[in-house]
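K.L.:
what's the 3D shape of this:
(4 chains)
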Number of protein chains: 2
Amino acid sequence: MEITFKAINDPTRREILVFLIGGAQNAGEIAKQFSMSKPSISHHLDLLKQGNLILAEKKGQYIIYSLNRSGFELVHGWFQGFAQYFEFPKPKIRL
Amino acid sequence: MEITFKAINDPTRREILVFLIGGAQNAGEIAKQFSMSKPSISHHLDLLKQGNLILAEKKGQYIIYSLNRSGFELVHGWFQGFAQYFEFPKPKIRL
DNA sequence: TAAATAATTAAACGAATGTCTAAATATTTA
DNA sequence: TAAATATTTAGACATTCGTTTAATTATTTA
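P.N.:
So this is what the prediction gives:
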């Protein structure tokens, strides 16, 4: 919980998550998107992984990162209480 | 955006938000819930207000705090992209 | 108007965070 | 096996963050 919220607190990490919506990518490709050193990105990836927001899979000398449902479910669940309080609109029919 | 995510990053502030689901409360009543000095709580309330997660209304010598829809909508909107990616389940019928 | 109550603002300080460069590890290729 | 490539780990450092106590502001009550 705590670590997951901490992970989405940083703007760079949120950008990484949005970037990964487009599909899984290796660490180098992710780092290219940012004007920041590779070790910094590596550290951000580690925190996102700790928060269960991304998965890491080693493929040869590369590490492929992809979005992890479980961290998002956790945060989503926390927000449910407020969504009910505010009665956020929902689609009439399940898509 | 940035300030709103920062606001929900702290566990005490998240607890304050959950507490306010039960209804609006003045600063003193909120502070009572926590083993922490009043100025600390006051500071947390300020950050939550900056993040548009709560509203403050002065009533005499009291200040009444309540949940503010707008901050929650912001975060909810950010999550929508991921909800679609993961296809989070939705109720079949609008309640 | 003086005292009491509610709450914030100010100042200080240790802990946590994000970034960098340099070094280390692992894997592939020549 | 040596060099190149991909990535992480380690160490250092400035900045931000959360907390406290003391002081200040605003409002109510005796």
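
K.L.:
Can you show me the helices along chain A?
P.N.:
A:2-9, A:11-21, A:27-32, A:38-50, A:69-86 (DSSP state H).

K.L.:
possible to save these as JSON lines with mean pLDDT?
P.N.:
What follows is the helices of chain A, written out as JSON lines (pLDDT from 0 to 100):
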{"stretch": "helix A:2-9", "mean pLDDT": "98"}
{"stretch": "helix A:11-21", "mean pLDDT": "98"}
{"stretch": "helix A:27-32", "mean pLDDT": "98"}
{"stretch": "helix A:38-50", "mean pLDDT": "98"}
{"stretch": "helix A:69-86", "mean pLDDT": "94"}
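
K.L.:
Indicate which one of those is closest to DNA strand C.
P.N.:
Among the helices of chain A, helix A:38-50 comes nearest to DNA strand C, with 3.3 Å by CB to the nearest atom of the strand. In this view, the C-beta of every residue, glycine as well, is placed from N, C-alpha and C.

K.L.:
Just give the number of residues close to the residue of chain A found nearest DNA strand D.
P.N.:
Using CB to the nearest atom of the strand, A:Gly28 is the residue of chain A that sits closest to DNA strand D, at 2.4 Å. For A:Gly28, the neighbour count with other CB atoms under 10 Å in any protein chain shown is 11.

K.L.:
now swap in A:Pro11 and tell me
P.N.:
12.

K.L.:
If we ignore the residues flanking it in sequence, what's nearest the residue of chain A found nearest chain B?
P.N.:
Nearest residue of chain A to chain B: A:Asn9, at 4.1 Å (CB to the nearest CB). Spatial nearest neighbour of A:Asn9, excluding adjacent residues (CB to CB, 6 or more residues apart in numbering or on different chains): B:Asn9 at 4.1 Å.

K.L.:
same check, this time on A:Gln25
P.N.:
A:Tyr65 (6.2 Å).

K.L.:
Do you know the pLDDT at that neighbour?
P.N.:
Predicted confidence (pLDDT) for A:Tyr65: 98.

K.L.:
List the contacts of it.
P.N.:
A:20, A:24-27, A:30, A:45, A:48-49, A:54-56 (CB atoms under 8 Å, 6 or more residues apart in numbering or on different chains).

K.L.:
Tell me what it is bridged to.
P.N.:
Judged by DSSP bridges, the bridge partners of A:Tyr65 are A:Gln25, A:Ala56.

K.L.:
DNA strand C contacts on chain A?
P.N.:
For chain A, the residues in contact with DNA strand C (CB under 7 Å from any atom of the strand) are A:6, A:9-10, A:12, A:36-37, A:39-40, A:43-44, A:47, A:58, A:60-61.
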